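> Fold the following for me, if possible:
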Amino acid sequence: MQISKLRNIGIAAHIDAGKTTVSERILFFTGVNRKVGETHDGQATMDFMKQEQERGITIASAAITAQWNDHQINLIDTPGHVDFTIEVERSLRVIDGMVAVFCAVGGVEPQSETVWNQSEKYRVPRIAFVNKMDRTGADFAEVVSQMNKFLGANAMPIQMPIGAENDFLGMVDLVAMKAITFQDKQRIVSEIPSELMPAATEARRHMIEVLADYNDDIAMLYLEDAEIEEPLLKKAIREATIKLLVTPVLCGAAYRNKGIQLLLDAIVDYLPSPTDLGGVMAHDPNDEEKIIQRNPSNNEAFSALAFKLINDPYVGQQTFIRIFSGKLTSGMSVYNTNRGKYERVGRIFRIKAKEREEITEAGTGEIVALVGMKFTRTGETLCDDKQPVLLESISVPPAVIEMKVILEDKKSRDKLGETLAKLCNEDPSFHSHFDEETEETIIAGMGELHLEILVERIRDEFKVPISVGEPSVSFRETLTTAVEQAYKHVKQSGGKGQFANTVIRFEPNPGKGFEFVDVTKGGVIPKEFIPSVEKGLRKAMEKSPVAEYPVVDVRCVLVDGSYHPVDSSDMAFQLCAAQCFKQAFRKANPIIMEPVMKIEVNTPDDYIGNVTRDLNKRRGRIENMRRFRKGSQKLDGFIPLMEMFGYATALRNITSGRANYSMEFYQYQPMPAAKQEEIIEKVKSGK
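Predicted coordinates:
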């Protein structure tokens, strides 16, 4: 397959906009499936996990390969629920183009904005598909308007719907100026009816005006009032899309099989191949400042990014990779730059959701799964060891909610440990640790649904009998004033003693995490013990001496110290640094930080007062209110996560079940003093 005929695309949107239905129709029309799988009856090919089929939502991003018009499309269907944002994040890191699906009724929803912002970060070209045009309340023009208003998308319709709601028949293709309707999954191309011609002509003129801003040939022909041929229009749309200047907008009703073939045509015509985007920028592993470009060619040195791990019951761990340059063959030895280790590629698979096709080699631009990787984790680089590079990794949002896991059968302790390790490898936004003091296993994730599904997987998939405690918020602590602290660790207990002395300045480091700096001079602390100081500090910050939460955003400057030629050791300096931190932290005006969520509530006008009062009571801060649809409004704002337990039920009660909401992690912010005292008191009393 020529690289120019490859399309790596993701399908992303808000929950329930119809992403998986669109994906299923793409598989049907490209011949991958002979029968259409439906989300609502648990038969969707892309939603193959038991938890996905039960809930009718996408949880894990699924990869699949299809063919259309002599092009290979590698398709990734991503989740719409905010608890699984990491799945969208890692998919966007490896795709070349995106289909953003919007509901014709719901328009731009909160998660639509999140996905859009994520794709902006990775500079992913997009086309938009306005789905569910057959639903009551469908409004194509309103969705386009919201895309421009809330996303700054420069949305440019390249189709015009013919009818809406029950009367939705098809669309006018504004590029070819043809009417397209559908009958029994077949598209029927005809001339535009005379009653639609004025509106279609106006819509096409608007499209050409937008393109004229970016293409001189079109601008010239437009000014001369000359006819603009279809190939030139397609070329201009493609160039403007790839440069992220416009977002072509299509419409359809995936469930009714209307518009999918045209969407596939648009993916091939307007979204980029790996060669259109040029080389990927990487770092020299020996010199972070040095940038190396890897061009999308099979003749270049091999480089790839591991973006997802799955534990398959039949073949073991599968490592999904995107190849950015060079070729990969089974049996080949590759170098993991992040770990400085070699991996031997066992088997290579092209994936069709839960099925797989074994291949012997894969080239530039391909997305494949490898079996046999021992060390490689999400976000790590695989490359040719003779020309090593370090590709940009994947950013992982912090876990904001915790839950205690209780083993019902003590014999399964080792099995639980292995299971949690596997799940942490699969999902970087999931964490687990064992609290030595309370002898409890704690798991942490992105939200209640995230943890609920992982707990189900532990029970059903891995057969580990567990029960769980109530979810709790994952707080953080930090200091607010700089403190310099000296501490001398001396221990004599017969034989060799322990000696270490450190002077460390602790400073606030907002938003920058932990930072360690050594400014000692004259070898007052030998070089081999400097890492021990850092290790001791990191360990001590896992649990603060005040409220026992992890400590974040601290800059530690090792100023001075001393050692003993016999009694000083790695452990002595670790213990010394830890005690130095504990003494300093209490003096540095520590505060508790709580996760604050960005929230959006959609509510009918009748209940706006109830919703506002309830949010205020929960320490919510409403930023703005905007008209959503006739008779309903959207409220945007911020609210502490600890106030949101049970909110779904409360919102249902105060709005007679007519409002809905969504939220996503925003940032950690200082907690009010009164609340901090309450939390510290609870910790002290052991509640």
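> Specify the beta-bridge partners of Glu440.
Beta-bridge pairing for Glu440 (DSSP bridges): Asp435.
> for it, what are its contacts?
Residues in contact with Glu440, defined by C-beta atoms under 8 Å, 6 or more residues apart in numbering, are 404-406, 434. The way it works is simple: take the backbone N, C-alpha and C, and place the C-beta from them, glycine included.
> Please pick the buried ones from the residues you listed.
Among the contacts of Glu440, those classed as buried by 16 or more other C-beta atoms under 10 Å are 404-405.
> Of all pairs in the contacts of Glu440, which one is the farthest apart?
Largest separation among those by C-beta to C-beta: Ile406 and Phe434, giving 12.5 Å.
> Now list whatever residues contact both of those two.
With C-beta under 8 Å, 6+ apart as the test, Ile406 and Phe434 both reach 440-441.
> For Arg205, pull up the helix or strand it's in.
helix 197-212 (DSSP states H and E).
> Could you export that helix as PDB, CA atoms only?
In PDB, the C-alpha atoms belonging to helix 197-212 read as follows (Å, rounded to 0.1, in the frame of the first residue of the first chain):
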ATOM      1  CA  MET A 197     -31.600  25.400  -6.300                       C
ATOM      2  CA  PRO A 198     -31.600  29.000  -4.900                       C
ATOM      3  CA  ALA A 199     -30.600  27.800  -1.400                       C
ATOM      4  CA  ALA A 200     -28.000  25.400  -2.800                       C
ATOM      5  CA  THR A 201     -26.500  28.100  -5.000                       C
ATOM      6  CA  GLU A 202     -26.300  30.500  -2.100                       C
ATOM      7  CA  ALA A 203     -24.700  27.800   0.100                       C
ATOM      8  CA  ARG A 204     -22.100  27.000  -2.600                       C
ATOM      9  CA  ARG A 205     -21.300  30.700  -3.000                       C
ATOM     10  CA  HIS A 206     -20.600  30.900   0.700                       C
ATOM     11  CA  MET A 207     -18.300  27.800   0.500                       C
ATOM     12  CA  ILE A 208     -16.400  29.300  -2.400                       C
ATOM     13  CA  GLU A 209     -16.100  32.700  -0.600                       C
ATOM     14  CA  VAL A 210     -14.500  30.900   2.400                       C
ATOM     15  CA  LEU A 211     -12.100  29.000   0.100                       C
ATOM     16  CA  ALA A 212     -11.200  32.100  -1.900                       C
END
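> Would you mark the buried spots in it?
Across helix 197-212, burial judged by 16+ other C-beta under 10 Å covers 200, 203-204, 207-208, 210-212.
> and that helix, what does it pack onto?
Packing contacts for helix 197-212, counted by 3 or more C-beta pairs under 8 Å, 6 or more residues apart in numbering; DSSP states H and E, involve strand 155-157, strand 159-162, helix 216-223, helix 230-242.
> Could you give the separation of that helix from the chain centroid?
The chain centre lies 36 Å from the centre of helix 197-212; the measure is C-alpha atoms, centre = their mean, to the nearest Å.
> any residues touching that helix, and which ones?
By C-beta under 8 Å, 6+ apart, helix 197-212 touches 154, 156-158, 160, 172, 174-175, 177, 192, 218-219, 222, 228, 233, 236-237, 240, 246.
> now these: which count as buried?
156-158, 160, 172, 174-175, 192, 218-219, 222, 228, 233, 236-237, 240, 246.
> so where does Glu402 fall, helix or strand?
strand 401-407.
> mind listing what that strand pairs with, with the direction of each?
Here, using DSSP bridges, strand 401-407 pairs with strand 440-445 (antiparallel), strand 466-468 (antiparallel), strand 472-473 (antiparallel).
> I'd like the next helix or strand past the last one.
Which is strand 472-473. Using DSSP H and E, the next helix or strand after strand 472-473 towards the C-terminus is strand 476-478.
> tell me what that following strand is packed against?
Packing contacts for strand 476-478, counted by 3+ C-beta pairs under 8 Å, 6+ apart, involve strand 591-604.
> on that earlier part again, of the strands paired with strand 401-407, flag the one that's most buried.
Mean neighbour count (mean count of other C-beta atoms under 10 Å) peaks for strand 440-445 among the strands paired with strand 401-407, with a mean of 20.
> got a list of contacts for the following helix or strand past the strand holding Glu402?
Sequence-wise, the next helix or strand downstream of strand 401-407 (DSSP H and E) is helix 413-426. With contacts defined as C-beta under 8 Å, 6+ apart, helix 413-426 is touched by 308-311, 317, 377-378, 405, 407, 430-432, 441, 443, 454, 457-458, 462, 464, 466.
> Now helix 413-426: buried residues?
For helix 413-426, by 16+ other C-beta under 10 Å, it's 415-416, 419-420, 422-426.
> now stretch 512-523
So, applying 16+ other C-beta under 10 Å, buried residues of stretch 512-523: 514, 516, 520.
> now, which of those residues sits nearest Met597?
Checking those one by one against Met597 (C-beta to C-beta), the nearest turns out to be Phe514, at 24.2 Å.
> wait, doesn't that closest one sit right on Glu542?
No: using C-beta atoms under 8 Å, Phe514 is not in contact with Glu542; the gap is 10.7 Å.
> longest helix anywhere in this protein?
Ranked by residue count, the top helix of the chain under DSSP state H comes out as helix 570-587.
> Off-centre distance for it?
Using C-alpha atoms, centre = their mean, the offset of helix 570-587 from its chain centre is 37 Å.
> Could you do stretch 632-644 as well?
Chain-centre distance of stretch 632-644: 21 Å, with C-alpha atoms, centre = their mean.
> now do stretch 257-273
With C-alpha atoms, centre = their mean, you get 24 Å for stretch 257-273.
> in that stretch, what's buried?
Quick answer for stretch 257-273 (16+ other C-beta under 10 Å): 257-273.
> Sitting in helices, which of those do you find?
Among the buried residues of stretch 257-273, the members falling in helices (DSSP H) are 260-270.
> circling back to that earlier point, between the strand holding Glu402 and helix 413-426, how big is the angle?
Interaxial angle, strand 401-407 versus helix 413-426 (axes from the mean of the first three to the mean of the last three C-alpha atoms, to 10 degrees): 150 degrees.
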